[in-house]
Every structure is written in structure tokens, then in C-alpha cells.
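Chemist: kindly generate the corresponding structure for this input.
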Amino acid sequence: MLSTGLGAGLKGAVKRLIGGKLRIGKTDDVPFESREENGVLAECFSDMPRDERVLNGWDSLAQGCSLFSAFQSSVWHAGLVKVSIKAGRSRVIAVSRGGAMLGVLPMSLADGGYLETGVPGLADYLDPPVRDGEEEIFWRSALAYLHTLWDSSVSGLVLQNVRQYWPSRDILKRIAGDCGFDVEETEVDKVVRFALPPTWEQYLETLDGHHRREMMRKVRRGEKEGNVRLTLASAIDQADASVKKALELSEASGGDRGEAIHNFVRPLLLEIGTELMRRDWLRIKFLWIKEDAAACTLNMPSRIGPLVYNGGFSPDFHWWSPGTVITALAVKQAIDEKATWYDMLRGSEEYKYRFGGKDEPVLRMVLKPR
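Modeler: Numbers count the residues shown, from 1 in each chain. Next comes the predicted model:
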């Protein structure tokens, strides 16, 4: 363990002695030296951490981080390591105190010479998970540690797909300079989400009158003539089959969207979808019309409501308006479950706005050493 109390001369001697151990851009399998100051321990791992202490601590943030979802989990990053991130390029910084995890910074070395969080094309939100109330301690430790690991082959740290209301955002902008980094922020995309009122009747009052009437007409027609119902797939005995069926329905739209799901989302969810369902970080709901699963939605639960990651429907059931019906029933279920937000994530499809969606920015933060 490298103590921050070492003098500059001794620290330089240690660096010369251990060479590549203190270089974040290295691609060999030499362990990184950890750093501890005032009881706060920072560790860096190549590939995925194998220590159960670290993995369990990482996923304990599901209870301690208000914005935690599947995107922030160890399972998600492990899936990226297996199907998307090039071999030897994953980096994970974990910061703990007294054995309790304060936060995790999962990254990879991108081709452009930057460290970046996650794979932005596969996850709508990539703000690293940090325990509520511990943001400044986490980032001061993580950035100070990262500064000691830095080398000239790395151009900067890119925090991809950051929410505007991420608690660490303003803290990072305030303390980055103290830790030896400059920070820049730009808007790179948008999500569509809306607040949910306490009751379904109140929600209906927020909608355009024509859309409200058409939506309810299609729902009533489905219930009366098609025995329409929305069911949650079991994570115990239906997970594998449900993931495959949901991918099939999501790809059924064809075109660029269907191709992208097939080429990128399918490999990832076949790798980790069952485990996400087992932990209740992924919920697959199917819309049944008569005896057929005609549509699906893949939701990631969060403290404030579902994140609608993907979904689709079979063109064979187009007459039943399955997209409208499944969205209406899913919103109603979210209200019944006391969710306060319904997040349709990225993409500006027109139907999202008919259901009340409003644009919110997705940000990129770039930190460069001074």
C-alpha cells in the first residue's frame, strides 16, 4: 500500500522501483498499488475485480446510491468486459472506508487515448455509483489516486452519459482543480422522462385530449376483444427464455434499430440478462393478446421509477396497437407501484411525447490533468 505521507523523493524512488505499477495506461497484468489516506482506501483493478469484498461492496451501493440501476452495477460492467471492452483495457477504481464501499469508478481505455466510463451506446446513464452523502470524499480520493497513476498515454477521463441531476456533478466541478484536473462539460444527448402524479386519473388529465381518448379506446378494445394483459416474467424459471423472447420482439421492428439491437444489445443481454433479472435489476414485461406474447418492455428498476431500456412488438399484431397499449398499461402499473418518474431514456420517438415525455439533457464531463 502506497501511503500519501511519503515524501516526494521517496515517492519518486518507489515509482522508479516498481515502474509500470503506477501507470493507468498499462496493459500488462501487474497489480496497481493501492492508496490510503485518513482511513479511505482507493484501489484500482485491471479487467474485473475478482475480490468478493470489492464486488459485494460495489453492489451494496444499490441500497446506498439513490441513482443506482443496472447500468451502475458490477454485473453490467462485467458484461461489457466480456462482449464490448477490448481485452486488457478495463479499469475499475473502488474507494472504501472501514470496509464499506463509498463508490466505484468503472472505466475502459478507449482507442482515442481516453479513459471513459462504460460503453455509451449501450447504456443511457453512466454516472458512476457513489454512496449518497459521500460524494466529495469519494471523488477527492479517486481523483488524487488517479493522478498518481496517470501517464502520458492517457489524454483524459471522460464521464459519459451523466444526468444533469447527478449529485456528484457540481461537486466534481468544484473540487477537480484541487485534485489536479480541469473539467469541461458538454451536452451530448437527451432523454425523455416525465413525473408521475399519485393516481392514474390525475395522469390522464395531463395528456392531450385526443391522445387520451385514442389511448383509452385502444386499451379498452384490447381488453374486450383480445384479452389483453401485462405480465411480469419470472426471474426464477423464465429468465433465459424471457430474455430471448424480449430480444426477438425488440428486433422485430427491423431497420437500423433492429440491426443495432441484434448486433450490440443482444450479445450483452444474453450474457448478463438472466443475472440482472435474478437480482431484480431487469424486469421484462410481456403484453399478451389472446394467447400470444405480442409486445414487451425491458425496464430497469430504480428508486424513483422504471428506466425503459428497450422493447418492441410483433408486426403480426399491429392492428391491436400493441406499442400504445403496453406503454399505457406499464405507466399505470408504475403509478400503482408509487413510482414518481417514468424514464423513457434516449431517443426522440414521437410517441414518447404523446405520453407526456419532456426532454432532459445528457451530459459528458471530461477531466484532464493539469
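Chemist: I261 is in contact with L247, isn't it?
Modeler: Yes - with contact defined as Cβ atoms under 8 Å, I261 reaches L247; the gap is 6.9 Å. C-beta coordinates here come from the backbone N, C-alpha and C atoms, glycine included.
Chemist: what's the closest non-adjacent residue to the residue nearest the centre of the chain?
Modeler: Geometric centre of the chain, nearest residue: F71, 2.2 Å, by Cα atoms, centre = their mean. Excluding its sequence neighbours, the residue lying closest to F71 (Cβ to Cβ, 6 or more residues apart in numbering) is A123, at 4.5 Å.
Chemist: give me the number of residues near that neighbour?
Modeler: 24 (other Cβ atoms under 10 Å).
Chemist: one more: the one 3 residues further on?
Modeler: Taking other Cβ under 10 Å as the criterion, the count of residues near L126 is 24.
Chemist: now do the contacts for it.
Modeler: For L126, the contact set (Cβ atoms under 8 Å, 6 or more residues apart in numbering) comprises 71, 117-118, 120, 159-162.
Chemist: farthest-apart pair in these, please.
Modeler: Largest separation among those by Cβ to Cβ: F71 and L159, giving 13.0 Å.
Chemist: helices of the protein, start to end?
Modeler: Secondary structure of the chain (DSSP state H): helices at 8-18, 52-64, 74-83, 135-149, 168-175, 200-205, 209-225, 239-251, 255-260, 266-278, 322-336, 350-354.
Chemist: dump the residue contacts of the closest residue to Y353 other than its chain neighbours.
Modeler: Counting by Cβ to Cβ, 6+ apart, V192 is the residue found nearest to Y353 once chain neighbours are left out, at 7.0 Å. With contact set as Cβ under 8 Å, 6+ apart, V192 has these partners: 343-348, 352-353, 357-360.
Chemist: reformat those residues as TSV; add pLDDT.
Modeler: Output for those, formatted as TSV (pLDDT from 0 to 100):
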residue	pLDDT
D343	98
M344	98
L345	97
R346	96
G347	93
S348	93
K352	97
Y353	97
G357	98
K358	98
D359	98
E360	98
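Chemist: can you redo these as CSV with neighbour count and distance to W166?
Modeler: Below are these laid out as CSV (neighbours: other Cβ atoms under 10 Å; distance: Cβ to Cβ, whole Å):
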residue, neighbour count, distance to W166
D343, 25, 14
M344, 25, 19
L345, 21, 15
R346, 15, 16
G347, 13, 20
S348, 13, 22
K352, 21, 22
Y353, 16, 24
G357, 19, 20
K358, 12, 18
D359, 13, 17
E360, 14, 12
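Chemist: closest to G254 out of those residues?
Modeler: Distances from G254 to those, taken by Cβ to Cβ, are shortest for G347, at 16.2 Å.
Chemist: where's the closest residue in space to that closest one that isn't next to it in sequence relative to S74, distance?
Modeler: Closest residue to G347 apart from its sequence neighbours, by Cβ to Cβ, 6+ apart: V192 at 7.1 Å. V192 is 28 Å from S74, where distance means Cβ to Cβ, to the nearest Å.
Chemist: quick one on the thing from earlier: beta partners for the residue nearest to G347?
Modeler: Beta bridges link V192 to D359 when assigned by DSSP bridges.
Chemist: give me the pLDDT for it.
Modeler: V192 is assigned 98 on the pLDDT scale.
Chemist: and what of G254?
Modeler: For G254, the pLDDT comes out at 86.
Chemist: 22 is where my numbering starts, stick with that
Modeler: OK, 22 is where the count begins now, so the last one is G275.
Chemist: and it, how many neighbours does it have?
Modeler: Based on other Cβ under 10 Å, the number of other residues close to G275 is 11.
Chemist: same deal with R299?
Modeler: 13.
Chemist: any figure for the gap between it and S263?
Modeler: 12 Å.
Chemist: what's the answer for L178, then?
Modeler: From L178 across to S263, the span is 37 Å (Cβ to Cβ).
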